[in-house]
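Enquirer: sequence-free structure coming up:
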Ligand code: DOR
Ligand code: ZN
């Protein structure tokens with residue numbers, strides 16, 4: 001007897017669409033067939049709707065511990081679930097920062113109590129913590145190592161020596177915030193007058209991101225896994241080379257907004273790296289569509305409206321994204337800019353591969369039943385009241401997107 005059968009859903013079979021019924025037992029997908037007539041505890045008529053693998057967001061800042069007025073493990077993962085994200089990987093710029101094994105273990109323990117979805121954690125690379133990272137290698141909740149080449153929220157910088165040691169010693173995924181610190185400083189020094197949010201892309205110019213991405217590419221060696229976070233420029237794309245272990249992700253805000261939107265939305269769209277020109281945005285969309293950009297990841301970085309209401313120089317950088325990532329990516333599918341196969345790959349399959357989650361990211365027998373049901377004919381225009389993130393706002397408010405999931409399952413248990 002099956003625990004659950006999804007009947008006659010639209011599913012992907014490789015890159016091809018088909019109608020299939022999906023049986024779940026003990027949290028895993030056990031069978032996929034045109035029809036499944038065997039008895040099941042629960043059956044769900046899915047006709048007309050897509051059954052898709054839960055999204056895996058490999059880049060979030062859940063702010064827990066220490067910054068819970070912005071977000072915490074409970075609110076951030078509630079936003080994830082509502083948005084169709086069933087696994088997230090959390091960044092180390094919390095308080096305390098995740099630079100030592102104890103801080104990592106404390107996050108894991110807190111997640112066990114509070115998280116509503118699967119959570120992995122990155123260790124941050126500091127100037128002298130390779131031994132601490134080595135202590136948690138092999139832990140199932142370790143996502144990888146986060147390296148900041150340029151300072152942003154949390155001011156976590158490591159330096160070349162620590163990076164070389166870490167790369168030599170640790171067989172892990174290295175995710176880079178690739179803006180080069182010296183070029184950020186130069187741009188700031190060269191700016192004349194009083195900057196506003198509209199100038200953010202000038203103060204953190206494309207050259208700084210490009211130099212950072214070139215640094216990452218120069219570190220490639222067989223066996224290394226180097227991943228460039230939040231690609232923001234057209235010219236970063238040619239530096240990606242999966243065969244040499246250089247991969248990249250795009251964030252929804254870089255796929256949807258430009259510096260003109262920052263001029264309109266002000267500090268709400270102040271984010272590092274900045275959103276840039278329409279040429280950059282279109283190039284990132286095209287690279288996502290053909291797979292040169294492997295994954296979509298939110299860089300979910302909530303800050304309160306009060307923090308964002310401060311003058312530009314002191315307002316923190318970052319935008320939330322967990323509530324809206326899946327709906328914005330599937331909106332690109334509806335618009336004909338992205339195939340469904342590429343959307344599912346970018347949201348689920350590719351991040352699962354990068355994070356080495358062997359049983360996640362696909363609707364296939366043997367995989368975890370982390371799933372959501374999606375109505376391709378419905379739409380959703382986010383408003384603040386719809387959002388689960390504690391910060392309570394989104395740059396996508398008022399932007400027509402695809403629907404959010406109708407329902408979400410985690411290991412076969414319905415969670416919405
Ligand atoms: O805009 C950003 N906000 N970029 C980052 O790299 C960090 C993030 C944050 O944690 O607020
Ligand atoms: Zn980030």
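Expert: It's in. Quantities reported herein were computed from a predicted structural model and do not represent experimental measurements. Numbers count the residues shown, from 1 in each chain. Ligands and ions are numbered 1, 2, ... in the order given.

Enquirer: pick out the residue closest to the middle of this structure.
Expert: Nearest to the mean C-alpha position of the chain, by CA atoms, centre = their mean, lies residue 297 at 2.3 Å.

Enquirer: find the nearest non-adjacent residue to that one, please.
Expert: In this structure, residue 297 finds its nearest non-sequential neighbour in residue 59, 3.8 Å apart by CB to CB, 6 or more residues apart in numbering. In short, each C-beta sits where N, CA and C put it, glycine included.

Enquirer: contacts only, for that neighbour.
Expert: Residues in contact with residue 59 (CB atoms under 8 Å, 6 or more residues apart in numbering) are 89, 91, 175, 229, 230, 249, 251, 297, 298, 299, 300.

Enquirer: which one of the residues you listed is nearest residue 75?
Expert: residue 300 (11.1 Å; CB to CB).

Enquirer: ok, now which ones touch that closest one?
Expert: Shown in contact with residue 300 (CB under 8 Å, 6+ apart): 57, 59-62, 76, 79, 88, 320-322, 325, 389.

Enquirer: same check on residue 345?
Expert: Contacts of residue 345 (CB under 8 Å, 6+ apart): residue 291.

Enquirer: just checking, it is part of a strand?
Expert: No - going by DSSP: H, G, I helix; E, B strand; the rest coil, the assignment for residue 345 is helix, not a strand.

Enquirer: can you tell me how far it is from residue 95?
Expert: 35 Å (CB to CB, to the nearest Å).

Enquirer: next one: phi and psi at the spatially closest residue to residue 6 that is not a sequence neighbour?
Expert: Distance criterion CB to CB, 6+ apart; nearest residue to residue 6, sequence neighbours excluded, is residue 22 at 4.4 Å. In terms of degrees, to the nearest 10, the main-chain angles of residue 22 are phi -130, psi 120.

Enquirer: pick out whichever of the contacts of residue 300 sits closest to residue 277.
Expert: Using CB to CB, residue 321 is the member of the contacts of residue 300 that lies nearest residue 277, at 20.7 Å.

Enquirer: sec struct for that closest one, please.
Expert: For residue 321, the assignment made with three-state DSSP gives coil.

Enquirer: also residue 263?
Expert: At residue 263 the chain is in helix, as set by three-state DSSP.

Enquirer: hmm, residue 197 and it touching each other?
Expert: Yes - using CB atoms under 8 Å, residue 263 makes contact with residue 197 at a distance of 7.1 Å.

Enquirer: the more surrounded of these two?
Expert: residue 197 (21 against 15; other CB atoms under 10 Å).

Enquirer: phi, psi of that one?
Expert: When read as degrees, to the nearest 10, the backbone of residue 197 gives phi -60, psi -30.

Enquirer: thinking it is in contact with residue 267, fair?
Expert: Yes - counting by CB under 8 Å, residue 197 touches residue 267, with 5.0 Å between them.

Enquirer: overlap of the contact sets of these two?
Expert: 312, 315.

Enquirer: before we move on, back to that, list just the nearest of the contacts of residue 59 to residue 219.
Expert: So of the contacts of residue 59, ranked by how close each gets to residue 219 (CB to CB), first place is residue 175, at 12.7 Å.

Enquirer: in three-state terms, label that closest one for me.
Expert: The local conformation at residue 175, judged by three-state DSSP, is strand.

Enquirer: now do the contacts for residue 332.
Expert: Shown in contact with residue 332 (CB under 8 Å, 6+ apart): 255, 285, 288, 289, 338, 343.

Enquirer: scan those residues and report the most crowded one.
Expert: Counting neighbours by other CB under 10 Å, the top entry in these is residue 288, with 28 neighbours.

Enquirer: how much space between that residue and ligand 1?
Expert: Distance, residue 288 to ligand 1, by CB to the nearest ligand atom, to the nearest Å: 20 Å.
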